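Chemist: how does the following fold in three dimensions:
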Amino acid sequence: MGSYGRSPYESRCGSQRYMLHRREAGIGDGAVRAVDTLADLGNWPSIEIGSHGVIRNAYQNVLNACARLASFATGGPTTTDGPIEQQQEILAADDLVTFGIHARRLIENTAKAKRFTQVTVRQQPMPGKRIPITRLINILVHHQHIVIVRSDFQWKCDLLAILSTTFIKLGGSNHRYFSPIIILTSDKNRTISFEVGELIETFQAKVLNPIIDLCGEHSLHLDLD
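Modeler: Have a look, this model is predicted:
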């Protein structure tokens with residue numbers, strides 16, 4: 001289990017890139033469907049975007065953080081005892097904060113947060129309760145505490161509850177592991193919890209891809225090196 005205080009870190013690909021944007025991304029029982037066009041979210045091409053340099057920097061940083069977090073979400077801890085598992089969680093905590101900082105900067109310099117107020121992520125262990133992704137990002141930026149939970153033993157210790165999900169039994173381990181859940185405490189002492197995998201999938205499908213399209217309308221092609 002990892003418990004971490006506030007981090008100090010504050011080609012145009014043509015039609016293929018945008019076809020990915022239109023695919024449906026499945027996330028457990030709560031499937032995420034990508035936005036089909038900019039028109040679905042209003043007249044985006046009329047939006048004035050910020051500095052291209054600031055946007056590109058934020059995009060690259062958030063993309064790197066998302067890639068690492070996606071690997072963390074789909075991988076598992078080591079099956080032998082040692083420091084590697086703890087280091088995985090330390091790096092993931094840093095990536096979460098980096099993601100929050102640069103995701104907010106990217107949004108504020110392009111489509112603005114109000115465009116994404118309807119984009120939500122399920123809270124765990126109450127999947128019927130959802131939190132706006134923009135609120136979640138703000139809590140990441142201003143958090144007081146991060147806890148990463150990856151096993152039923154950790155879950156019971158941290159929340160005194162049993163997680164309702166499909167567990168994976170790893171050979172040689174007495175614990176059952178599942179996709180990492182993040183427990184965040186905000187600067188106002190509010191606690192939320194969510195699956196990191198769902199956060200990254202939702203952000204890509206419903207925030208990042210529409211922003212890439214919007215910037216393309218302003219001749220800023222983020223998917224070019």
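Chemist: secondary structure class for residue 100?
Modeler: Following DSSP: H, G, I helix; E, B strand; the rest coil, we place residue 100 in the helix state.
Chemist: what about the residue lying closest to it once chain neighbours are set aside, how many neighbours?
Modeler: Using Cβ to Cβ, 6 or more residues apart in numbering and skipping the chain neighbours, the partner closest in space to residue 100 is residue 140 (2.9 Å). In this view, the C-beta of every residue, glycine as well, is placed from N, C-alpha and C. Burial of residue 140 is recorded as 23 neighbouring residues (other Cβ atoms under 10 Å).
Chemist: what's the neighbour count on the closest residue in space to residue 144 that isn't next to it in sequence?
Modeler: Ranked by Cβ to Cβ, 6+ apart and with sequence neighbours excluded, the top spatial neighbour of residue 144 is residue 185, at 4.8 Å. Other residues near residue 185 number 15, with proximity taken as other Cβ under 10 Å.
Chemist: paired strands for the longest strand seen in the chain, with orientation please.
Modeler: For the chain, the longest strand by residue count, based on DSSP state E, is strand 176-185. Take DSSP bridges as the rule and strand 176-185 pairs in its sheet with strand 145-151 (antiparallel), strand 168-169 (antiparallel), strand 191-195 (antiparallel).
Chemist: out of these, the one nearest residue 135 is which?
Modeler: Nearest to residue 135, of all the strands paired with strand 176-185, is strand 191-195, at 8.4 Å by Cβ to Cβ.
Chemist: by mean pLDDT, flag the weakest helix or strand of this protein.
Modeler: Of all regular secondary-structure elements in the chain, judged by mean pLDDT, DSSP states H and E, the least confident is strand 24-25 with a mean of 33.
Chemist: for residue 103, see how far away the residue nearest to residue 100 is.
Modeler: In this structure, residue 140 and residue 103 are separated by 8 Å, where distance is defined by Cβ to Cβ, to the nearest Å.
Chemist: winner for burial among the strands paired with strand 176-185?
Modeler: Burial of the strands paired with strand 176-185 is given as mean neighbour count (mean count of other Cβ atoms under 10 Å); strand 145-151 ranks first at a mean of 22.
Chemist: need the contact list for the nearest residue to residue 149 once chain neighbours are set aside.
Modeler: Using Cβ to Cβ, 6+ apart and skipping residues adjacent in sequence, the residue nearest residue 149 is residue 181, 4.6 Å away. Residues in contact with residue 181 (Cβ atoms under 8 Å, 6 or more residues apart in numbering) are 124, 148, 149, 150, 155, 163, 193, 194, 195, 196.
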